[in-house]
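[1] quick check, what structure comes out for this input:
(one chain, ligands or ions: 1)
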Amino acid sequence: MAYRAPVSEFRFVFDHVVGMDRVSATETFAEATPETVEAILLEAGKLCETVLAPLNREGDKVPARLENGVVRTSPGYAEGYRAIVEGGWVGMAADPEFGGMGLPMALTTAVNEMMGAACLALQLNPLMTQGQIEALEHHASDAIKALYIPKLISGEWCGTMNLTEPQAGSDVGALRSRAEPKGDGTYAVTGQKIFITWGDNDFTENVCHLVLARLPDAAPGTKGISLFMVPKVIPREDGSLGARNSLQVVSLEHKLGLHGSPTAVMQFDGATGWLIGQENKGMAAMFTMMNNARLGVGMQGVAVAEAAFQHALAYASERKQGRTPLGAGAIIDHADVRRMLAQMKAEVFSARTIALACAVAIDMGRATGSTDWQARAALLTPIAKAYGTDIGNEVAQMGIQVHGGMGFIEETGAAQFARDVRVTSIYEGTNGIQAMDLVGRKLMDGGEAAYRLLQEVEDHAETARSRQPDLANDLWNAAEALREGTEWLVAQGADDRNAGAVPYLRAFARVLGAHYHLKAALADEARLPLARVAIKRLLPEHTGLLAQMREGSAGLYALTPEALAS
Ligand SMILES: Cc1cc2nc3c(=O)[nH]c(=O)nc-3n(C[C@H](O)[C@H](O)[C@H](O)COP(=O)(O)OP(=O)(O)OC[C@H]3O[C@@H](n4cnc5c(N)ncnc54)[C@H](O)[C@@H]3O)c2cc1C
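    Take a look at the predicted model:
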C-alpha cells in the first residue's frame, strides 16, 4: 500500500483546529500565508509519496553497515537525502540570515510528519540536523554560526547529538567524557558515546557532532557539563575541509527496527572541539536541541501511526472473511475491525493536533515574545512527545491486529511500522522521563500554564453546548476532573508526583485530544462520528487514569523487589 500524504488534513487542522492564522498574522511569519502553506505541503507531500516512501522497505531489508571504519548506507538513501536537501527541507525553520527559509515550526512539523511516515529511518538524519541548527542559532559564537549553519542548511554537512554513554542514559549527569583546553581556544575531547543516531554516513561531506563533556575540575552532575562542536573533518575558516579529526565509529548497533538509520558507538580520542555556549552550561544549550527534537520525535510517532493506519485501512477494505452485518463484505465491516480502525484514526488526529498546537505555541512564543505562549509550548512539549510516540506504538500494534496473521509476516510491511516506531518512546528522553518533566518542571508554576489551557478547553466546551450538548458536557466534565487532578498533583511531594506522572500525562492528552476533535466536528459536521469515538470511547479513560494517579507512590514501593520476585 503506497503512502498518501495527508495534505488536506494538515490544511484543515491549521485552519480550523490549531489556529495557524495567528502565526501568519505575526510579523515574523507573515510570509507563511495560506497559499504558501498549501504550496509547501503539496510539494513536500509529493516528495514523500514518490521519492522517500519507496525507500522505507529497502532500508529495512538492507541495513546501514560499517565497512573498514566507513558507514555504508542503505540502497537509495543517498539519493533520497539529496532530494530532501535540494528541496531546502532541512532549513525550513532556520534563520534566513544563514540561508534558511524562516518558516514556522508548525509547518516544519507537518512536513516532518510526512517525511517520517514515508521513511522514518532516513528522516531521522535531517531531524537531527534541524535540532543542531537551532542549538547553534541560540548558543554558538558568531564565527561558528557563520561557518556551520549554512553548510548544515544546504545539507552538505549534517548534525548529530552525543549525550549517551554506557553509564549515562536518562541520567545524563553521570557522563564522563572529558574536554581539556588546548590553549588555543579549542578543546581536546575524549570519551565514548553510545547509540549515536546517524553517527556517520557516506553521503555528506562532513558530520558535525555536538558532544557533551566535562572540563577538568568541573562540578559533578549536570552542573559540570559543557557542550562542544566536534566535526568529523575540521573545516578551514572559508568552509573548505581540512584534516580528519580524531574520532571514529567503533561499531553499529543491530536493532529491532530503524535498520536504515546507523546507530553508532563513537570514540573521541583527543578530538578537536569548539565550546558552544558557556563553560558548564552545556545542558541548557543541549536542551534547545532536545526540545526541538522532542516535538520532532513526538511527530515521528504520529507519522508512523498515520502510515500504519493507511496500511491497515487498505488491507481491511480488501480482505474478505466471514459474513458481516452488511453481507459477505470485507473485514472492515466487522464491528470489531471497525472499532480498531476508528480508534486508530481518532488517536492519530488527537496526537497530530496536540503536536501541531505545541508547534504553534513555539512559533507564537518566538514571534511575540509572550511568556504565556512560551509556557504553553513548554507544557505541551512532553505531552506531544510521549503521547505521540505512545500512539505510534499502539496504532502500529493495532495495525498488525487488523491484518490478522498476515500482520506478523514481514512482507505486508505492517510489522516494520511496529518495529521502527518502538524506539521513539525510548529515545530523546523515555516517555517516563517526559511525564516526570510534565509533573515536575512544567508544573513548577503551581499549575498556572496548565490551568490556562484547561480554561480554554472549558470555555470552548461551554460555547459548544448549544450545538453538541452531549459531547460538550463530557468534555467540560473531563477538563474539570483534570483541573482537580492537577490541583491534587501540585500539592504532592516528588515521589507521589512521579508515581502518577504517566497516567496524568495520558489523561491530559485524552482531554486535549477530545477538545480538538470537538473543534473539528463543529467546523465540519462530517467529522462528528470520529469526534464521538474520541469523546465517548476514549475520553472516559481519563477517570481511571486520574484515579491511578491519586494512588501515589506508597502502594508501588509496598511491592518490594522481593515481593516482585516471589
Ligand atoms: C536507536 C537509538 C537511537 C538513539 N540515538 C541517540 C542519539 O542520537 N544521541 C544520544 O545521545 N542518545 C541516543 N540514544 C540514547 C537514548 O536517548 C537513551 O537510550 C535513552 O535516553 C534512555 O537511556 P538508557 O537507554 O540508558 O535507559 P535507562 O536510563 O537505563 O532507563 C531504563 C528505564 O529506567 C527508567 N528510568 C531511568 N531513570 C529514571 C528516573 N530517574 N525516574 C524514573 N524512571 C527512570 C527509564 O524510563 C527506562 O524505562 C538512542 C537510543 C537508541 C536505542
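
[2] give me phi/psi at the spatially closest residue to Ala106 that is not a sequence neighbour?
    Once flanking residues are discounted, Ala106 sits nearest to Ala359: 4.0 Å by C-beta to C-beta, 6 or more residues apart in numbering. Quick note: C-beta positions are derived from backbone N, CA and C, even for glycine. Note on Ala359: backbone dihedrals following degrees, to the nearest 10 are phi -60, psi -40.

[3] show me what the strand or helix carrying Leu522 is packed against.
    In the assignment (DSSP states H and E), Leu522 maps to helix 501-523. Judged by 3 or more C-beta pairs under 8 Å, 6 or more residues apart in numbering; DSSP states H and E, helix 501-523 is in contact with helix 335-368, helix 371-403, helix 431-439, helix 448-464, helix 469-490, helix 528-532, helix 541-549.

[4] go ahead and confirm Ala534 touches Met344.
    No - look at Ala534 against Met344 with C-beta atoms under 8 Å: they stay out of range, at 11.8 Å.

[5] between the two, point out the one with more neighbours.
    Higher neighbour count among Ala534 and Met344: Ala534, with 28 against 25, using other C-beta atoms under 10 Å.

[6] got a list of what that one touches?
    By C-beta atoms under 8 Å, 6 or more residues apart in numbering, the contact list for Ala534 reads 346, 349-350, 513-514, 517.

[7] any chance of the backbone angles for the closest residue to the ligand within the stretch 451-566 of the chain?
    Residue nearest to the ligand within the stretch 451-566 of the chain: Asn498 (6.5 Å; C-beta to the nearest ligand atom). In terms of degrees, to the nearest 10, the main-chain angles of Asn498 are phi -70, psi -40.

[8] Leu210 now?
    Main-chain torsions, Leu210, degrees, to the nearest 10: phi -90, psi 120.

[9] give me the beta-bridge partners of it?
    Taking DSSP bridges, one finds Met161, Met229 as the beta-bridge partners of Leu210.

[10] and the gap between it and Gly173?
    Counting by C-beta to C-beta, to the nearest Å, the gap from Leu210 to Gly173 is 17 Å.

[11] which one's more surrounded, those two?
    Leu210 (26 against 15).

[12] surely the more buried one meets Phe287?
    No - counting by C-beta under 8 Å, Leu210 stays clear of Phe287, with 11.9 Å between them.

[13] what helix or strand does Glu180 sit in?
    Using DSSP H and E, Glu180 sits within strand 178-181.

[14] which residues touch that strand?
    Strand 178-181 has contacts (C-beta under 8 Å, 6+ apart) with 187-191, 213-216, 226, 228, 270, 273.

[15] who in this protein is up against the ligand?
    160-164, 169-170, 195-197, 255, 258, 263, 423, 426-427, 429-430, 432-433 (C-beta under 6 Å from any ligand atom).

[16] of the residues you listed, which belong to helices?
    Assigned to helices by DSSP state H, the following of the residues of the chain next to the ligand qualify: 432-433.

[17] show me where pLDDT drops low in this structure?
    Low-confidence segments of the chain (pLDDT under 70): 328.

[18] and the residue of it closest to the ligand?
    The ligand sits closest to Gly169 of the chain, with a gap of 1.6 Å, by C-beta to the nearest ligand atom.

[19] may I see the buried residues of the strand holding Glu180?
    Going by neighbour count (16 or more other C-beta atoms under 10 Å), the buried part of strand 178-181 is 178-179.

[20] now stretch 78-90
    By 16+ other C-beta under 10 Å, the buried positions in stretch 78-90 come out as 78, 80-81, 83-85, 87-90.

[21] just to revisit the earlier point, got the CA positions of the strand holding Glu180 in PDB?
    Output of strand 178-181 as PDB, limited to C-alpha atoms (Å, rounded to 0.1, in the frame of the first residue of the first chain):
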ATOM      1  CA  ARG A 178      36.400  14.900  29.100                       C
ATOM      2  CA  ALA A 179      37.400  18.100  27.400                       C
ATOM      3  CA  GLU A 180      40.800  19.700  28.000                       C
ATOM      4  CA  PRO A 181      41.500  23.200  26.900                       C
END
